[in-house]
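**Student:** Next comes the sequence, and after it the predicted model I'd like to discuss.
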Amino acid sequence: MRDLYFSMREFEDIRKTKGLEDVIEKAMQQTIECVFFIQEYIGNGFGDRMLHQTISNTSAKIQQFENAFRNLKTSISEKSLIHVTLVTSRMSEDVETLCMFYPISIVTPGCLSSHFLDLTAELDPVDMDSATRPLCHPGTRSKEIQLITDWVIDPNAASRILWLPGPAGFGKSTLSTTLAHSFSSLRRLAAFVFFNREAQERSSPAAVVRTLAYQLALFGHRIGEKIHNAIKASPFIPRSHIRNQFTKLIVEPLSSIEGLGADGPILVIFDAFDECGNAETRSALLSVLAEESKNLPSFIRILLTSRPIPDIERALSKQPHVKRHNLYVTTENSGDVELFLRHSTTRIVEEQDVPVLAPDWPGEGALLELVRRARGLFIWAQTAIRYIRESHDPAAHLNVLLGMDTDDDFHPLTQLYTTALMSAGNWEDRTFPPVFRKIVGAILVVKTPLTPAAIDTILCAPSNQSRQIVSYYGAVLLTEPDGTINTIHPSFYDTLTDRSHAGEKWFIDTGLHNRDMAFRCIDLLDRDLKENICGLVHIPECTKLIELVGDSLRFCQLFAEVIEEYPLSTYQVALPFAPTESLIYRQFYQEGALPKVRGDCLTSWPPMLQTLVGHTGDVISVAYSPDCARIVSGSHDESIRVWDATTGTEVLPPLQGHNGGVWSVAYSPDGSKILSAGDSIRVWDATTGASVLGPLLGHDEPIHSVAYSPDGAKIFSGSSDKTIRVWDAETGELVLGPLRGHDDSVQSVASSPDGLKIASGSSDATICVWDALTGANILGPLKGHEEGVMSVAFSPDGLKIASASYDSTIRVWDAATGVSILGPLRGHEQAVLSIAFSPDGSRIISSSHDGTIRIRDATTGDEVCTPLQGYALSIAPSPDGSRVVSCLDGIRIWDVTTPTLESCSGSTTSPYSMAFSPDGLKIAVGSHDGTLSVWDSTTGTNIFGRLHGHENTVTRVVFSPDDSRVFLTSLDGTIRVWDTATGAGVLGPLKHNNSTLPLITLVPSYDGSKIATRSDDGTVYIWDATTGTKLFGSFEGQEGLLKIVAFPPNGPQVISWLSENDTVSALDVMNGTVILGPLKRSDVSDLTVYSDPDLIAYSLDGSRIALRMGDIGIWDAKTGTSILT
């Protein structure tokens, strides 16, 4: 190094020696790196210990420095930079990826390793291209540059952030860009993040930490590896709260790399932070930077520039690790402005095509007057030079500037901008000011800068009008390389929009222009948008694209709620759970980058498309519109709702009018009307929801079923009053009836396809067929079912009638003779509630209280696929046969096309119930096919495989308190117990009673010695959990009333809660004695729809009881005193 600098002394002025500029720059860089190395070597640097104590190859590094300085000396002698590889002081990395030493703006994906490409997708950073940002004029801003450089390289500096507040126009951005360039050439710039209010996509506070992390990853591959691993371990980090992002992506990776401090300081620059969002949106980011930066390693230095605005002042001024250096106008600052103006005016003289200006123009006096008027503001000087240069007569424009008032109360920038505005435009022409405001107003308010042609299009302005305005105002409007227009500086925007200038012709009211632009955009959309805008009548070879679109629709339907709540995390929270054989999963799922689902997972899309939620009570009836576009539903909540069958959104407000539940709904054959029944019959306009007919009164009791005749002229109804009636669909007049023949409630009516017959099913277990013209009973009562007939349907050809019964069977009858031609068809475990033929007549679809929907061959009665799992009071196939809609606690739409349905030779393994073991190490899952699986919650391993036992859906899974056993209840009405250590069945099947009703709940005692079960009929049994012996059966006189069963933690009793009227009482199940209550309920909703642990909870000491009875209430367990309701 000494020899190198001695060799430089041979030159009188080495800076002016041709050919040595690059050599000098490289020598300076190498010298600085050597200084850092010596600092660390002697223990006065940023590392924890002296370098030679921690790194073994310091001798080799010293030799590299010596060789570099020898080569530089040779370059000085030959006045040409020979190949010199800059030796870095970094000892912790033997090889650095080449591209990581280049400025951020020229890094390309081609030089990045694969995990950096992954980081691009994971972090979604904002592009920070600084290539076109201006640098400080040579020789200017030396004091600030030296001060900042000294702070960066000082290992004893306690501050982590150097904040440079300064006024608008001071040149903060030019200074920060110059520093970024210098430290990048020194390989010390880790990140450069700059903001601009006119480029909102680059100024969002939400993206700052992700962008910083990405640039850090580019800077050093070890940092990048740490960040990549952090995201791999927790993919949600990039979309988590900014504080968590900063900790996991910045602080922890930088702090965890051993020896990184020995490489010397690295710089992070945030420029124009006051243009990052607004005070409200940047508050979280500002708080994190202010408070968490103290946790960064000492070798990380953050430079932050901004205007001195209140929110930044409050956040930074009181932090001990933040150093403040105010950028004031000083004598030296004015000297820098003078140097810039001298250089710039000289270039104007040199660049003139015709030598009009004198070589010494503008003269010393005029130059110094410009310096005085600039008041140390670089933006004033730059704008003034642009104003002069853009003119065809520079001398005249100079005189305009020199002739401006110098009122000290008037900001120099405002003076300059006003002069530039007024002198360039033809303000005397009354048409000019509105054109100026229209064009410049658009430039100011657009979120993304536009080209003049785009502005003309949006504003419907004459061609090139915007370009003409821009050409007038080149001094204050910048044309970017891509042709878009920006203002020269934020201060120009501030001047134009300041309301104190509202009387000026050039004042821009941004509120008015925002509104105008919004209307203009809407007009453009209204004018240009049209169906099939690309004119694609046919897309050849697009089968795969169509399949992907269909697959994407299924994905959106299945995960609609998740996507709506976490739209930015769809990849993390939805995609891993998509079927593994689906196109969308195979196309987008990345192994290792996204969570992996362990255990059984979907391989293909399930038949259920979506669930429609909106009713506040059970949904009793559903129907499709004839065009398959809409679905209508009726509910216990007394409303009718109309839904879009594709999107699942409600297309009309709820239709109100019935007093009580809406038991039946139907569309008219032409789809123009909706028919509903409950306490009465009503008809609604299907488009507007307006009531067009009714209420039709005549039945003495609730109406369970209504149907239109095929021509839409008549309405058929069946009621609890045991009669059928026929009404005129236009007038509402009674045409026929009451038709009598049933001995109990009429549950269902159906019209034959030709409209000549009416079929009715009744709780008296019979079917009748009536002449629709005369009302005569032409068939029946048809007998065969052992319990009530809940639903009847004609086949599309009118030759068959299908019936569904509470006796769990289905029958098919000859519609002409009444002979039973198929059945009883068994398969459902409980009452069959609804039945329908598919539109082509080849299938019979039924739903049952057992929680299944079954599809059968209409000729043979054989089931053609595994049952669809879902409770349904009513079902309706779509007119095109591709869908089935069902309803109860919600409305579900099913795809019943062949590809989505599993063959009956398969197995329905979808889970229905699950529980964690008390120690959290196991998960027990009960499935629709009656099997049990026990999983290791840590590894995801299925411990025993599928354990077979139950013949129907496993409704509840409960671990014993000691974790040794797992108890199961099922729709088959039995209990089974399995050993969790061996997988062996140790008890069961235990039959609750002789009823086929499902078990509602199973509760183990606190010591695990007993289990209590309760059935849908209200009976309670107590079992010995070891032997399976029935210790007690529900006492007489209380069947059907017992609603909840529970074991207190500190007592011998088994308590059941008796629900009666609007109170509940606690009874000792062993003897029926009331031991607590009655407690007043907050509402009288049926408690049987919940399992018992959802309804009752004891405190650990047994002193209090929490009950869910409409609202949640807490009572004293001994006295029954209400503590909290």
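**Tutor:** Arrived safely, thanks for sending. Computed from a prediction, not measured in an experiment: that's the story for all the values here. Numbering: from 1, shown residues only.

**Student:** Show me the strands in the stretch 551-700 of the chain, by range?
**Tutor:** Per DSSP state E, counting those that start in this stretch, the stretch 551-700 of the chain carries strands over the ranges 608-612, 619-624, 630-635, 639-644, 655-656, 664-667, 673-677, 681-685, 691-696.

**Student:** JSON lines for those strands, including mean neighbour count?
**Tutor:** Yep, even glycine has a C-beta here, placed from its N, CA and C like the rest. Listed next are these as JSON lines, based on neighbours: other C-beta atoms under 10 Å:
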{"stretch": "strand 608-612", "mean neighbour count": "20"}
{"stretch": "strand 619-624", "mean neighbour count": "25"}
{"stretch": "strand 630-635", "mean neighbour count": "25"}
{"stretch": "strand 639-644", "mean neighbour count": "22"}
{"stretch": "strand 655-656", "mean neighbour count": "17"}
{"stretch": "strand 664-667", "mean neighbour count": "25"}
{"stretch": "strand 673-677", "mean neighbour count": "26"}
{"stretch": "strand 681-685", "mean neighbour count": "22"}
{"stretch": "strand 691-696", "mean neighbour count": "18"}
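
**Student:** Tell me which of the ones you listed sits nearest to His343.
**Tutor:** Proximity to His343 (C-beta to C-beta) singles out strand 639-644 among the strands of the stretch 551-700 of the chain, at 68.0 Å.

**Student:** tell me what the closest one is packed against?
**Tutor:** strand 630-635, strand 655-656, strand 673-677 (3 or more C-beta pairs under 8 Å, 6 or more residues apart in numbering; DSSP states H and E).

**Student:** Please put the alpha-carbon coordinates of that strand into CSV.
**Tutor:** C-alpha atoms of strand 639-644 as CSV (Å, rounded to 0.1, in the frame of the first residue of the first chain):
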residue,chain,number,x,y,z
SER,A,639,-88.2,-17.0,5.3
ILE,A,640,-87.7,-18.0,1.7
ARG,A,641,-84.3,-17.3,0.2
VAL,A,642,-83.2,-17.3,-3.5
TRP,A,643,-79.6,-18.2,-4.3
ASP,A,644,-77.4,-18.2,-7.4
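
**Student:** neighbouring contacts of that strand?
**Tutor:** 612, 614-615, 629-635, 649-652, 654-656, 658, 662, 665, 674, 676, 684, 686, 689, 891 (C-beta atoms under 8 Å, 6 or more residues apart in numbering).

**Student:** quick one on the thing from earlier: so which of the helices and strands packed on strand 639-644 is nearest Arg527?
**Tutor:** Using C-beta to C-beta, those put strand 630-635 closest to Arg527, at 30.7 Å.

**Student:** The strands of the stretch 551-700 of the chain: lowest mean pLDDT?
**Tutor:** The minimum mean pLDDT among the strands of the stretch 551-700 of the chain belongs to strand 608-612 (a mean of 86).

**Student:** buried sites along stretch 589-601?
**Tutor:** 589, 593-594 (16 or more other C-beta atoms under 10 Å).

**Student:** For it, give the mean pLDDT please.
**Tutor:** Here the average pLDDT along stretch 589-601 is 76.

**Student:** measure that stretch end to end?
**Tutor:** End-to-end distance of stretch 589-601 (C-alpha to C-alpha, to the nearest Å): 14 Å.

**Student:** What's the separation between Asp840 and Ser795?
**Tutor:** 10 Å (C-beta to C-beta, to the nearest Å).

**Student:** between the two, which one's more packed in?
**Tutor:** Ser795 (20 against 13; other C-beta atoms under 10 Å).

**Student:** so which of the buried residues of stretch 589-601 would you say is closest to Val356?
**Tutor:** Looking across the buried residues of stretch 589-601 and measuring by C-beta to C-beta, the closest to Val356 is Ala593, at 65.2 Å.

**Student:** Could you list everything Ser676 pairs with in the sheet?
**Tutor:** Val665, Arg682 (DSSP bridges).

**Student:** do you know how far it is from Met790?
**Tutor:** Taken as C-beta to C-beta, the span from Ser676 to Met790 is 19 Å.

**Student:** cool, and Phe273?
**Tutor:** Counting by C-beta to C-beta, the gap from Phe273 to Met790 is 70 Å.

**Student:** Over to Gly441?
**Tutor:** 69 Å.

**Student:** do Val665 as well
**Tutor:** For Val665 relative to Met790 (C-beta to C-beta), the value is 17 Å.

**Student:** now swap in Ala765 and tell me
**Tutor:** Ala765 is 10 Å from Met790, by C-beta to C-beta.

**Student:** of these two, who's got more company?
**Tutor:** Applying other C-beta under 10 Å to Ala765 and Met790 shows that Met790 carries more neighbours, namely 28 against 22.

**Student:** Now do the same for that one: helix, strand or coil?
**Tutor:** Under DSSP: H, G, I helix; E, B strand; the rest coil, Met790 falls in the strand class.

**Student:** what residues are up against it?
**Tutor:** Met790 neighbours (C-beta under 8 Å, 6+ apart): 747-748, 761, 804-806, 831-834.

**Student:** Now flag whichever of the residues you listed is closest to Ser142.
**Tutor:** Checking these one by one against Ser142 (C-beta to C-beta), the nearest turns out to be Ser834, at 87.0 Å.

**Student:** dump the residue contacts of that closest one.
**Tutor:** Applying C-beta under 8 Å, 6+ apart, the residues contacting Ser834 are 790-791, 804, 846-847, 872-875.

**Student:** what's the closest of the residues you listed to Ala158?
**Tutor:** The closest of these, once distances to Ala158 are taken by C-beta to C-beta, is Ala872, at 70.5 Å.

**Student:** Please work out how many residues are found near that closest one.
**Tutor:** Neighbours of Ala872 (other C-beta under 10 Å): 26.

**Student:** returning to that earlier point: can you tell which of the helices and strands packed on strand 639-644 is closest to Leu921?
**Tutor:** Closest among the helices and strands packed on strand 639-644, using C-beta to C-beta: strand 630-635, at 43.0 Å.

**Student:** And the contacts of the closest one?
**Tutor:** Defining contact as C-beta under 8 Å, 6+ apart, one finds that strand 630-635 is touched by 612, 615-625, 640-645, 651, 661-667, 674, 676, 678, 686, 885, 887, 891, 893.

**Student:** Repeat that for stretch 469-483.
**Tutor:** 132, 383, 386-387, 390, 417, 420-421, 424-425, 435-436, 439-440, 443, 449, 451-452, 485-488, 492.

**Student:** try 6 Å
**Tutor:** 383, 386-387, 390, 420, 424-425, 439, 451-452, 485-486, 488, 492 (C-beta atoms under 6 Å, 6 or more residues apart in numbering).

**Student:** same thing with stretch 951-969?
**Tutor:** 829, 851, 912-915, 917-919, 924, 926, 928, 930, 970-972, 975-978, 980, 999, 1002, 1004, 1008, 1011.

**Student:** Repeat that for stretch 384-401.
**Tutor:** 344, 348, 362, 420, 423, 474-475.

**Student:** and the residue lying closest to Ala191 once chain neighbours are set aside, how many neighbours?
**Tutor:** Excluding the flanking residues, the one nearest Ala191 by C-beta to C-beta, 6 or more residues apart in numbering is Gln215, at 3.7 Å. Neighbour count of Gln215, defined by other C-beta under 10 Å: 21.
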